[in-house]
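[1] need a 3D model of the following:
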Amino acid sequence: MKVNKIKNNYYNLTVINTKKFKKNIIKFQFITKSLKEESSIRYLLSLIILKSTKNCLKERDILIKKEELYNLTCSSTVKISGRFSILSLEFSFLDEIYSEKGMFNETLNFILNFINKPNINNNKFDEKLFNQVIKEASDDINSYKEDPDHVASQSLYEAMSECSELSHVNYGYLSDLENITNEELVSYFYKVINTESLHIFFVGNINFLELNSVLESNLSFRTNDKISMKPIKHNDLKETPLYKKKTFKTNQSILKIGFKLSDLTKEEKEFVIPFYNNILGGSPESKLFKNVREKHSLCYTIRSTYYQAKSILVISAGINAKDYKQTLELIMKEVFHMEKGEFTLEDILSTKKQLINEYDEQNDNAYQILSSYILNTYYGFSLPSKAIKSLNNIKKDMIKSVSKKIKLDTIFLLEGDLNAED
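    Residues are numbered from 1 along each chain as shown. Below you'll find the model as predicted:
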C-alpha cells in the first residue's frame, strides 16, 4: 500500500492506495468541538444531507442514480469522539477497472453534489424531506430512551461528568428538536460545509493527483478550520466513588461501573490499557467472565470496555437486582487483583496473541485499514506494523503499574422493576 497525504486551505486528504479490494471507499469527516446545544441540529443534518441534491431532487432519484453507479452505497453518521463531534459521509463504490471507463469521475462528481449542490431553495431544504427527518430524529431519540443498555450508559456518563463532552449524545434532544426551523438547518449546513475542519480519507485504487485535482476544483470555496484532536483529560477525579440508581421497565437490571484514566503515557493509552482491559473483562477468557459469570453465575453478560477518546474504562453487567451487592463485590475484587498483579504469564501471552491477530487482520479489510489511518491522523495512534512491535514489548509490571492510574469514579445501577429471576 502506498500512502499520500496533502493539507491545503480547503481540506486534509489521506489516500491509501491499494488494488487489493474491488470497491473503493471515500470518507468525508467534518469536525468541530462538541457542543450540547448543537447536537440536535447536527443529527438532523446527518439525516437530510444524503437524501437529495440539485440534480436528484427526490430520494427515489438518489436511489436510481446509485444503481446506475454500480450500486454505490452511502451513509451519514454523527459521532462524539472525545471533545469533538464528527459528521461523516461515507461512500463505497466499484473500482473503475470492474465497471467502465469514466465511472470514477462520474461517481465522485455525484458524491460531491451532496456537499456543493444541496437541494436548497429560498433558504430551505425540501419541506417534505425536512418534516420527514424531524420525525426520523424524534423516533430515534425515543428509541434510545427505550433501550436499557443505552439508558444505563448515558446515565453513567452524566453521573461521571455532567458538564463535559463525556455526557454529550450524538442524536440530540426532543426539547431542542421541536424548535429547529428549516432555515436554521440550512444555515447550519453552510456553517459545517464552509468552515469546519474537513478530513477526507480514501482507500482503494486511484491516481492521487487526479483525485486531489477533482476535490480541489469542487471544494475550493471553503476555509478549513485547524483543530488538534486529543482524548479527554479528566481534571475532576473523585476522592470517593459516586453511587447512583434508577428504575426502568425491564426484566434485567444493568450494572455500570465507570473508571477515569489519568496521566497516561502514549504507550499506556495505545497498548498497556488494551492489555489490562482484555485480561480484566475484554474477552471470554477474562477474569470477569470466568470468575463472576461462570464461577458464581451472577450475570447474564459481563464485559469491560476501554474508550480511548473518552479516557474511561467501563464495566457492564446484566444482572438480577437482588445480586447487585454480591456482583459488585466480586467485580471490585477482580479489579483489586489486577492492581496487585494477580494475573498470569498465560493471561499476557493469550492477550498478546489476540491483539496481534486483530492488527494482522486489519490489512485484509478496507474499513479496518480506513479506521487505523483515521486514528493515526487524529490521535497519533500507531499503524498495524508498528503496533505489533510495541505489543511484543508489553510486560507484566507495565500492566500492574497502569492499573494504579485507573480511578473508580461512578457505580450506576439501572434496576429492572419487573424482577426477572430466570
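[2] residue 168 touches residue 40, doesn't it?
    No. Distance between residue 168 and residue 40: 11.3 Å, which falls outside the contact criterion (C-beta atoms under 8 Å). In short, each C-beta sits where N, CA and C put it, glycine included.
[3] neighbour-wise, which of these two wins?
    residue 40 (22 against 18; other C-beta atoms under 10 Å).
[4] how about that one, secondary structure?
    helix (DSSP: H, G, I helix; E, B strand; the rest coil).
[5] the residue lying closest to it once chain neighbours are set aside and residue 109, how far apart?
    In space, residue 40 comes closest to residue 172 once its chain neighbours are excluded; the distance is 2.9 Å by C-beta to C-beta, 6 or more residues apart in numbering. Applying C-beta to C-beta, to the nearest Å, the value for residue 172 to residue 109 is 32 Å.
[6] quick one, which of those two is more surrounded?
    residue 172 (24 against 14).
[7] which of the three states applies to the more buried one?
    Residue 172 falls in the coil class when you classify it by three-state DSSP.
[8] ok, it touching residue 35?
    No. Applying C-beta under 8 Å, one finds residue 172 not in contact with residue 35, separated by 11.4 Å.
[9] secondary structure element for the nearest residue to residue 23 once chain neighbours are set aside, which one?
    With C-beta to C-beta, 6+ apart as the criterion, residue 23 has its nearest non-adjacent residue at 5.1 Å, and that residue is residue 92. Element membership for residue 92 (DSSP states H and E) is strand 84-94.
[10] so which elements touch that strand?
    strand 23-33, helix 39-48, strand 73-81, helix 103-116 (3 or more C-beta pairs under 8 Å, 6 or more residues apart in numbering; DSSP states H and E).
[11] output it as PDB - backbone C-alpha positions only.
    What follows is strand 84-94, C-alpha atoms only, in PDB (Å, rounded to 0.1, in the frame of the first residue of the first chain):
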ATOM      1  CA  PHE A  84     -15.200  16.700  19.200                       C
ATOM      2  CA  SER A  85     -18.200  15.900  17.100                       C
ATOM      3  CA  ILE A  86     -17.500  14.200  13.800                       C
ATOM      4  CA  LEU A  87     -20.100  14.300  10.900                       C
ATOM      5  CA  SER A  88     -19.100  11.600   8.500                       C
ATOM      6  CA  LEU A  89     -20.300  11.000   4.900                       C
ATOM      7  CA  GLU A  90     -19.100   7.600   3.700                       C
ATOM      8  CA  PHE A  91     -19.300   6.100   0.200                       C
ATOM      9  CA  SER A  92     -18.300   2.800  -1.200                       C
ATOM     10  CA  PHE A  93     -18.200   2.200  -5.000                       C
ATOM     11  CA  LEU A  94     -16.800  -0.300  -7.500                       C
END
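[12] now do it, average pLDDT.
    The average pLDDT within strand 84-94 is 98.
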